[in-house]
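1. sharing a model that was predicted from the sequence below.
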Amino acid sequence: MNTTTMPTTMSLDNRSFGKSMAPAVTLILLSPLIGEVMSGATRLSYLFVYVSEVMMWGCGALIIREVVRRWGGNWTTMLPLGLALSVTEEFIVQQTSLAPMPWLGSTPIYGRVWGVNWIYFLFMLAFESVCITLVPVQIVELIFPDRRKEPWLRTRGLVVASMVFLVGALLAWFLWVRIARIQVFHMPDYKPPLLTWLLGWLAIAALALIGYRLRGSRDVKDSASHKAISPWIVLLTTLLLGFPWYILMSLVFAPRPLALWIPVTASIGWAAMTIVLLRRWASASGWNEMHEWALSFGVLLVSMTAGFIGSNLWPKIDIIFKLALNLLAVAGMIVLARRIRLRARA
């Protein structure tokens with residue numbers, strides 16, 4: 001991930017409005033495109049929800065990125081805030097980790113304890129924090145390398161983005177909780193227990209505080225005792241680390257007779273190991289933009305490939321749309337890699 005410590009203030013310059021806002025607009029559009037559309041979570045059949053996703057996910061990722069830059073943090077600062085955004089979605093807005101899952105019908109939900117779908121929640125914590133926040137931010141900063149060290153919004157822009165985020169969250173809540181669950185999946189209205197809802201808010205506040213406390217953390221490369229590995233090894237390792245995470249989702253849709261503590265403990269351990277490995281990679285001497293590209297591309301390949309699981313039940317047009325979009329994404333990442341190499345040579 002991007003490991004450069006960022007300044008906390010924005011210098012005013014003479015850029016045109018379009019050029020000044022280009023990185024911010026790109027992130028707003030790219031965040032839900034990567035996390036929802038390219039992964040297959042949002043398909044062509046109901047692509048209209050992309051509007052609310054841009055408002056909530058896109059503005060949410062932008063707000064997190066702006067806050068981190070003002071704090072002078074890096075990706076370790078951004079990760080807790082990305083987790084907080086995921087908890088906001090799963091507990092407060094669409095409440096998909098709290099309500100009985102409508103697509104399973106009357107089937108008992110594996111891992112549902114104390115009113116929380118723990119297996120689904122753990123999967124979404126990792127998926128949404130990485131594919132909605134960390135990876136889109138990193139890709140946009142690779143696209144606009146001269147802007148990566150500075151905030152992209154003034155205070156007024158940050159306020160506007162926050163207001164759009166709140167409206168988008170309300171719209172997402174209404175479309176899922178009041179329309180999709182009841183009218184499409186024919187599920188009864190569900191209201192989470194007040195205590196669970198309050199614990200969600202407490203978790204959001206705690207994660208935000210953790211992010212703030214990590215704002216001064218740095219990956220010092222000058223004194224690193226190890227050198228960066230090849231970007232292609234980073235790409236391959238990312239694939240090996242990413243695909244097993246989808247075992248959690250398979251347990252949701254095809255439950256196995258496992259004690260709940262086994263997948264929960266294993267997933268937490270897997271996530272901790274991944275974070276430790278990322279910190280070691282990012283602190284290595286010689287870690288550069290090509291390594292960041294390999295990391296992002298690996299995550300993209302995992303989410304896009306695994307997103308075809310269950311696609312045999314989709315309308316054919318949805319499969320064609322996702323396949324075409326994924327091929328365009330691969331082509332775009334290849335072009336981006338070429339641009340990065342040309343910059344390095346220059």
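-> Nice, thanks for sending it over.

2. where exactly do the strands run in the stretch 51-200 of the chain?
-> Listed in chain order, the strands of the stretch 51-200 of the chain (DSSP state E, counting those that start in this stretch) span 112-113, 116-117.

3. low-scoring stretches of the stretch 101-250 of the chain, by residue?
-> Low-confidence segments of the stretch 101-250 of the chain (pLDDT under 70): 102-108, 217-224.

4. if you count contacts, what does the helix or strand hosting Trp281 end up packed against?
-> Following DSSP states H and E, one finds Trp281 within helix 261-282. Judged by 3 or more CB pairs under 8 Å, 6 or more residues apart in numbering; DSSP states H and E, the packing partners of helix 261-282 are helix 75-87, helix 118-128, helix 231-242, helix 247-253, helix 289-306. Bear in mind the C-beta positions are built from the backbone N, C-alpha and C, glycine included.

5. my read: Gln95 touches Tyr190, true?
-> Yes: judged on CB atoms under 8 Å, Gln95 makes contact with Tyr190 at a distance of 7.4 Å.

6. more crowded one of those two?
-> Counting neighbours by other CB atoms under 10 Å for Gln95 and for Tyr190 shows that Gln95 has the greater number, 20 against 14.

7. skipping its backbone neighbours, what lies nearest that one in space?
-> Spatial nearest neighbour of Gln95, excluding adjacent residues (CB to CB, 6 or more residues apart in numbering): Pro192 at 5.8 Å.

8. neighbours of that neighbour, how many?
-> The burial count for Pro192: 18, using other CB under 10 Å.

9. need the pLDDT of Thr5.
-> On pLDDT, Thr5 comes in at 42.

10. can you state the direction angle for the lengthiest helix in the chain and helix 289-306?
-> When the chain is parsed with DSSP state H, its longest helix is helix 316-345. Interaxial angle of helix 316-345 relative to helix 289-306 (axes from the mean of the first three to the mean of the last three CA atoms, to 10 degrees): 170 degrees.

11. returning to that earlier point: now the residue nearest to Gln95: phi and psi?
-> Pro192 adopts backbone torsions of phi -70, psi 150, taken as degrees, to the nearest 10.

12. quick one, what contacts it?
-> Phe91, Gln95, Leu98, Ala99, Gly115 (CB atoms under 8 Å, 6 or more residues apart in numbering).

13. the same query, at a cut-off of 7 Å, please.
-> By CB atoms under 7 Å, 6 or more residues apart in numbering, Pro192 lies in contact with Gln95, Leu98, Gly115.

14. how close does Leu85 sit to Ile119?
-> 20 Å (CB to CB, to the nearest Å).

15. same check, this time on Met273
-> As judged by CB to CB, Met273 and Ile119 stand 19 Å apart.

16. next one: Thr77
-> Distance, Thr77 to Ile119, by CB to CB: 28 Å.

17. for Ile247, same thing?
-> Distance of Ile247 to Ile119, given as CB to CB: 10 Å.

18. which one's more surrounded, these two?
-> Neighbour tally, Ile247 and Ile119, criterion other CB under 10 Å: the higher count belongs to Ile119, 26 against 15.

19. hmm, the more buried one is touching Trp261, no?
-> No: look at Ile119 against Trp261 with CB atoms under 7 Å: they stay out of range, at 11.6 Å.

20. follow-up on the earlier one: redo the contacts of Pro192 as a markdown table? Include distance to Leu166.
-> A markdown table is the format used below for the contacts of Pro192 (distance: CB to CB, whole Å):
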| residue | distance to Leu166 |
| --- | --- |
| Gln95 | 17 |
| Leu98 | 20 |
| Gly115 | 25 |
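
21. which residue ranges form the helices in the stretch 101-250 of the chain?
-> Shown for the stretch 101-250 of the chain, the helices assigned by DSSP state H, counting those that start in this stretch span residues 118-128, 135-143, 155-173, 194-213, 231-242, 247-253.

22. looking at those helices, spot the one closest to Arg343.
-> Closest approach to Arg343 among the helices of the stretch 101-250 of the chain is made by helix 135-143 (9.6 Å; CB to CB).
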